[in-house]
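J.: Sequence first, then the predicted structure, then my questions.
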Amino acid sequence: MSDEINLSCTNLSFGYHKKTVIDEVSLDFNPGEFVGLIGPNGAGKSTLLKLLLGLNKPDMGNISLGKNSLNALSRNEIAKRVSFVPQDHSIDYAFNVEEMVAMGRTPYLGNYQTESKQDLEIIEAALRRTDLFELKDRPADQLSGGERQRVFIARALAQQTNTLLLDEPTASLDLCHQLELMGLLCDLTREGHLAIAAIHDLELASRYCSRLIMLSEGKVVADGLPNEAITPDNLRRYFSIEATVEVDDLDGCIRILARQPISSLG
């Protein structure tokens with residue numbers, strides 16, 4: 001796609017209340033990648049996403065978006081380049097689904113400016129791509145958790161950014177919509193987008209992501225192909241489980257056969 005944008009961070013560190021959450025992380029992300037952030041609870045996955053979006057300011061290090069330092073860009077400029085699907089998708093206000101998705105066009109509209117014909121076409125395409133068009137007039141606060149998650153994904157698509165950041169995007173979805181979403185993200189990356197998603201399900205991440213980054217205690221402990229990041233040693237060391245890792249010869253998918261947690265070995 002045109003106007004490709006690289007996202008990178010160098011020596012990135014961040015902490016809350018004197019506790020380090022991200023510890024000297026340096027990473028480069030490129031268009032066309034579907035990157036899964038994996039790791040145990042509290043590893044720093046969500047915090048890293050918020051730093052890359054500019055929602056949190058690093059204590060040390062730099063984040064670059066294309067040729068620009070992230071801190072030199074306005075929120076509106078960032079919103080035209082990077083979209084975000086949060087883990088918390090609660091809705092406490094009475095917009096309908098179409099109005100929620102239309103918020104993705106906000107960075108492109110001036111004050112009091114209404115959507116153009118092109119904006120409306122983009123909104124409809126996002127609704128259809130996330131299987132929400134038939135629900136477009138439904139109040140968003142009356143949707144199920146999975147439907148609300150798809151609304152936030154559709155809003156991100158309507159934003160038409162080169163880069164999508166997603167925090168546990170499949171957490172509230174049933175299996176069918178999990179697979180549809182991951183397939184959609186694969187399609188977008190094949191079109192030249194960059195997608196970075198924090199994913200709890202290791203097998204799902206290994207099936208769809210082209211690259212996995214494993215975090216533990218705020219540090220990058222593995223970065224590579226799924227079978228390079230998900231190993232028995234890494235599962236033992238960072239997830240505290242004894243497991244066998246099998247790679248299917250037909251589809252290359254990883255299957256994790258967990259036997260027992262380390263703590264139960266006695």
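T.: Ah, there it is.

J.: can you give me the helices for this protein?
T.: With helices called from DSSP state H, the chain shows them at 45-53, 75-79, 97-102, 117-129, 145-158, 175-190, 202-208, 226-229, 232-239.

J.: would CSV of those helices with mean neighbour count be doable?
T.: For the C-beta atoms, the positions are set from N, CA and C on the backbone; glycine is no exception. Converted to CSV, the helices of the chain look like this (neighbours: other C-beta atoms under 10 Å):
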stretch, mean neighbour count
helix 45-53, 22
helix 75-79, 15
helix 97-102, 23
helix 117-129, 16
helix 145-158, 23
helix 175-190, 16
helix 202-208, 21
helix 226-229, 18
helix 232-239, 16
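
J.: What I need now is these written out in CSV, including distance to residue 30 and mean pLDDT for each item.
T.: Below are these laid out as CSV (distance: least, C-beta to C-beta, whole Å; pLDDT from 0 to 100):
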stretch, distance to residue 30, mean pLDDT
helix 45-53, 14, 96
helix 75-79, 18, 93
helix 97-102, 28, 95
helix 117-129, 24, 95
helix 145-158, 19, 90
helix 175-190, 10, 90
helix 202-208, 17, 93
helix 226-229, 17, 92
helix 232-239, 24, 94
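
J.: Of all the ones you listed, which one is nearest residue 23?
T.: For these, the distance to residue 23 is smallest for helix 45-53, at 10.8 Å, taking C-beta to C-beta.

J.: what about the stretch 1-150 of the chain, any weak spots by pLDDT?
T.: Counting by pLDDT under 70, the stretch 1-150 of the chain contains low-confidence ranges at 1-5, 89-90, 92.

J.: residues touching the spatially most central residue of the chain, list them.
T.: When C-alpha atoms, centre = their mean is applied to the chain, the residue found nearest the centroid is residue 166 (2.0 Å). The contact partners of residue 166, taken as C-beta atoms under 8 Å, 6 or more residues apart in numbering, are 49, 84-85, 153, 156, 185, 195-198.

J.: where's the nearest residue to residue 182 once chain neighbours are set aside relative to residue 24, distance?
T.: Leaving out its chain neighbours, the residue that sits closest to residue 182 by C-beta to C-beta, 6 or more residues apart in numbering is residue 208, at 4.2 Å. Spatial separation of residue 208 from residue 24 under the definition C-beta to C-beta, to the nearest Å is 29 Å.

J.: if we compare the helices of the chain, which one ends up closest to residue 17?
T.: Here helix 45-53 is closest among the helices of the chain (C-beta to C-beta), at 13.1 Å.

J.: residues in contact with that closest one?
T.: Residues from elsewhere that reach helix 45-53 (C-beta under 8 Å, 6+ apart): 7, 9, 12, 14, 21-22, 25, 37-39, 56, 58, 63, 70, 78, 82, 84, 87, 165-168, 196, 198, 215, 218.

J.: one more time with 6 Å
T.: For helix 45-53, the surrounding residues in contact (C-beta atoms under 6 Å, 6 or more residues apart in numbering) are 14, 21-22, 37, 39, 56, 58, 82, 84, 165, 167, 198, 215.

J.: Next: stretch 81-95.
T.: Stretch 81-95 is contacted by residues 5, 53, 65, 139-141, 148-149, 152-153, 156, 159, 161-169 when judged by C-beta under 6 Å, 6+ apart.

J.: What are the buried residues along that stretch?
T.: In terms of neighbour count (16 or more other C-beta atoms under 10 Å), stretch 81-95 has its buried residues at 81-87, 89, 91.

J.: Between those residues, which sits nearest residue 180?
T.: Of all the buried residues of stretch 81-95, residue 180 sits closest to residue 85, with 14.5 Å by C-beta to C-beta.

J.: Ignoring the adjacent residues along the chain, who's closest to the closest one?
T.: In this structure, residue 85 finds its nearest non-sequential neighbour in residue 166, 4.3 Å apart by C-beta to C-beta, 6+ apart.

J.: what's the spacing between the one you found and residue 184?
T.: In this structure, residue 166 and residue 184 are 11 Å apart, going by C-beta to C-beta.

J.: Over to residue 259?
T.: Going from residue 259 to residue 184 by C-beta to C-beta gives 34 Å.

J.: just residue 72 next, same as before
T.: Separation of residue 72 from residue 184 (C-beta to C-beta): 32 Å.
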